[in-house]
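Novice: Build me a model:
(4 chains)
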Number of protein chains: 2
Amino acid sequence: MSTEADDRALGDALARMSFEVMSRLTQLAAEEGMSLTQLRVLGVLRDRRPRMAELAKGLGLDRSSVTGLIDRAQSRGLVERVPEEGDGRVVRVALTAEGVLAAQRMTARMAELLADVVAPLPAATRASLRAGLEQAFASRG
Amino acid sequence: MSTEADDRALGDALARMSFEVMSRLTQLAAEEGMSLTQLRVLGVLRDRRPRMAELAKGLGLDRSSVTGLIDRAQSRGLVERVPEEGDGRVVRVALTAEGVLAAQRMTARMAELLADVVAPLPAATRASLRAGLEQAFASRG
DNA sequence: TATTGTTATACTCTATAACTATA
DNA sequence: TATAGTTATAGAGTATAACAATA
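Specialist: Numbers count the residues shown, from 1 in each chain, chains lettered A, B, ... in the order given. The predicted structure follows:
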C-alpha cells in the first residue's frame, strides 16, 4: 500500500541523495578547475556531436547560455566548433583530443566517487537500488 | 558478486537520476522566482535556526557566499537575521512567517514532483528503492 | 590573537532582448 | 520571413583576500 507519507519519504530520500551526488560531482569537476555544467557538457559530448541548439536543449539551457559555456570550454582546448556543411547557420560541437582524455578521466573518477556514496550499503541493497534506478532512468540521460 | 561494471552502472544511474531530480527542483524553485540554492536554504531552515557559519557548512559554501544568499532571501522577506545573546559576533538565521509558508508550499510541491519522477515504477520497485535510499541517506541531510 | 561575519573583487552561469548571417 | 547562433546586458551564485567587531 502506497500512502502519502510513503511518497513523501521517498521524495525526501531522493532529494537528499541527489544533493549528495551533486556535491560529489561538483567537487570532482572542481578538481579539474571546472564547473558542474562543464562536466555535464563533457558527458554529453562523449558520444555525440550536437548542434548548439541541440546541446542547449539537452542541458535545459537557453542557446545564449550555451554560447558562453562553449566559449569557455573552447578557450581551455576541450571542445571545438565545427561548421555544418550544407547549412552555414549551423555549428556543431565536438570534443578535442584533449577533451576526450578529460572526459575519460572524469568518467572514471565519477564511477569511483559515486560507488563510494553507496559503499556503506550491503551488496543486496546496492543491487536492488541499481535495478530500481536503471528501470526508472534507463534512457532519460 | 559486485563487479566494476556493476559499480559503473550504478554510478551512471545515480548521476542520471540526480540530474533529473535537480532539474525538477530547479523548475519548482523557478516557479517561485527562486534559485535551487534558495530552495535549499528554505529546506534547511524548516527545522533549524543555524549560525551563518553553520548554514555555510551545511550547504557546502563559503561564509562569504552565504552572506549574499541571506541578503537576497531577507530582501524578499523570507528570512531574518537574529543577533545571538551573549556573543555579539554571532548571527542566527530564521524563517519569517512568510518564509514558513513558502517552505511549506515548496515541501508539498516537492513531494509531488519527485513522486512523479518514480511513478512509472511498479510499487514493489518503488518500495525497495525507498528502502535502499533511506538506508544510504538516512541522516546525511 | 582567534573567531564571526561582511565587504571588495572577479569569474561562471543563466536568461531576455536585440542583432547578424543564412536559408 | 524563419532559423541558428551570437552579442549586450543584467542578476544570481560562488570563491579568495582583506577587513571590522567581538571574544
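Novice: Contact residues of chain A facing DNA strand D?
Specialist: Within chain A, the positions near DNA strand D by Cβ under 7 Å from any atom of the strand are A:51-54, A:63-64, A:66-68, A:70-71, A:81, A:89-92. To be clear about C-beta, it is placed using only N, CA and C from the backbone, and glycine gets the same treatment.
Novice: Which of those fall within strands?
Specialist: Applying DSSP state E to the residues of chain A next to DNA strand D, the entries found in strands are A:Arg81, A:Val91, A:Arg92.
Novice: Please identify the helix or strand for the residue nearest the centre of chain A.
Specialist: For chain A, the residue nearest the mean C-alpha position is A:Arg40 (3.6 Å; Cα atoms, centre = their mean). Under the criterion of DSSP states H and E, A:Arg40 resides in helix A:36-45.
Novice: hmm, who's touching that helix?
Specialist: A:22, A:25-26, A:28-29, A:34, A:50, A:55, A:58-59, A:69-70, A:72-73, A:78-79, A:93-95, A:99, A:102-103, A:106-107, B:19 (Cβ atoms under 8 Å, 6 or more residues apart in numbering or on different chains).
Novice: ok, of the residues you listed, which come out buried?
Specialist: Buried subset of the contacts of helix A:36-45 (neighbour count, 16 or more other Cβ atoms under 10 Å in any protein chain shown): A:22, A:25-26, A:28-29, A:34, A:50, A:55, A:58-59, A:69-70, A:72-73, A:78-79, A:93, A:95, A:99, A:102-103, A:106-107, B:19.
Novice: which among the ones in strands among the residues of chain A next to DNA strand D end up buried?
Specialist: Burial by neighbour count, 16+ other Cβ under 10 Å: within those this picks out A:Val91, A:Arg92.
Novice: quick one: which of the ones in strands among the residues of chain A next to DNA strand D is nearest DNA strand D?
Specialist: Closest approach to DNA strand D among those (Cβ to the nearest atom of the strand): A:Val91, at 3.9 Å.
Novice: contacting residues around that closest one?
Specialist: Counting by Cβ under 8 Å, 6+ apart, A:Val91 makes contact with A:Arg51, A:Met52, A:Arg81, A:Val82, A:Pro83, A:Glu84.
Novice: hang on, the earlier thing: filter the residues of chain A next to DNA strand D down to the buried ones, PyMOL style.
Specialist: Per 16+ other Cβ under 10 Å, the buried members of the residues of chain A next to DNA strand D correspond to this PyMOL selection:
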select buried, chain A and resi 51+52+54+66+70+91+92
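Novice: Show me the residues of chain A next to DNA strand D that map onto helices.
Specialist: With helices defined by DSSP state H, the entries of the residues of chain A next to DNA strand D inside them are A:Met52, A:Ala53, A:Glu54, A:Arg63, A:Ser64, A:Val66, A:Thr67, A:Gly68, A:Ile70, A:Asp71.
Novice: The residues you listed: which ones sit near DNA strand C?
Specialist: Filtering these for proximity to DNA strand C by Cβ under 7 Å from any atom of the strand leaves A:Ser64, A:Gly68.
Novice: Now flag whichever of the contacts of A:Val91 is closest to DNA strand C.
Specialist: Looking across the contacts of A:Val91 and measuring by Cβ to the nearest atom of the strand, the closest to DNA strand C is A:Glu84, at 8.3 Å.
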